[in-house]
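# Give me a model of this one.
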Amino acid sequence: MGRLVGIGHFFSETAFAEEKADAAKLRRAKKEDDDGEMVRAEQVHMVRRLQNHCKGHFLRRTIMSRDYKGNVLINLPPYKEIIAIVVLTEREKKIMDERAKQAAAKYVFISGTFMHSFDTKTSPSVIAAANTRRIQTKASYSFIIPLFI
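The predicted structure follows:
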């Protein structure tokens, strides 16, 4: 969420290192803990640290929010969900097809993970990295690497 709204910390090397450390701590907690208490405690610790970086960037109000006098802040009708079938025009269908093809060419989904697809003809340095990790596919020497979003 922090990256989506452009909070600077989440684009820093520090944030990347924290994310890697958190993943390692979580893996250790899962190995050591059978009842899930250590995992839960580790997750709470991570979330609280991340929340500190987000303070002051988000404002949440609901229809139940009240001011200091007890008056309702937002006078909205109750939430109502309407599900409808929408028929796309030919132009909209064409745009959707084009975007789907672009996305399919750019990303691959393998074993529950989105991977970014690269063409070896355009990136020799990526070829070397893939060869050392033995990442290859059959089609035209292209390969994939994990995408960290």
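
# Now do the buried residues in stretch 25-36.
Residues of stretch 25-36 classed as buried by neighbour count (16 or more other C-beta atoms under 10 Å): K25, A29. (Each C-beta comes from the backbone N, C-alpha and C, glycine too.)

# ok, and what's touching it?
Residues outside stretch 25-36 that contact it (C-beta atoms under 8 Å, 6 or more residues apart in numbering): M38, V39, A41, E42, Q43, M46.

# and what of stretch 71-87?
R61, T62, I63, M64, S65, R66, D67.

# ok, of those residues, which come out buried?
Buried among the contacts of stretch 71-87 by 16+ other C-beta under 10 Å: none.

# Out of the residues you listed, name the ones that lie in helices.
Among the contacts of stretch 71-87, no residue falls in helices (DSSP state H).

# what about the spatially closest residue to F11 that is not a sequence neighbour, how many neighbours?
Distance criterion C-beta to C-beta, 6 or more residues apart in numbering; nearest residue to F11, sequence neighbours excluded, is R3 at 6.7 Å. Neighbourhood size, R3 [other C-beta atoms under 10 Å]: 11.

# repeat for F10
Neighbour count for F10, taken as other C-beta under 10 Å: 19.

# Pop out the phi and psi values for it.
Main-chain torsions, F10, degrees, to the nearest 10: phi -70, psi -10.

# And it, how close does it get to L26?
As judged by C-beta to C-beta, to the nearest Å, F10 and L26 stand 18 Å apart.

# Could you do E98 as well?
Distance from E98 to L26, by C-beta to C-beta: 39 Å.

# likewise I95?
Applying C-beta to C-beta to I95 and L26 gives a distance of 40 Å.

# same deal with I85?
For I85, the distance to L26 equals 42 Å [C-beta to C-beta].

# In a strand, I95, correct?
No. The assignment for I95, made by DSSP: H, G, I helix; E, B strand; the rest coil, is helix rather than a strand.

# how many neighbours does it have?
I95: 12 neighbours (other C-beta under 10 Å).
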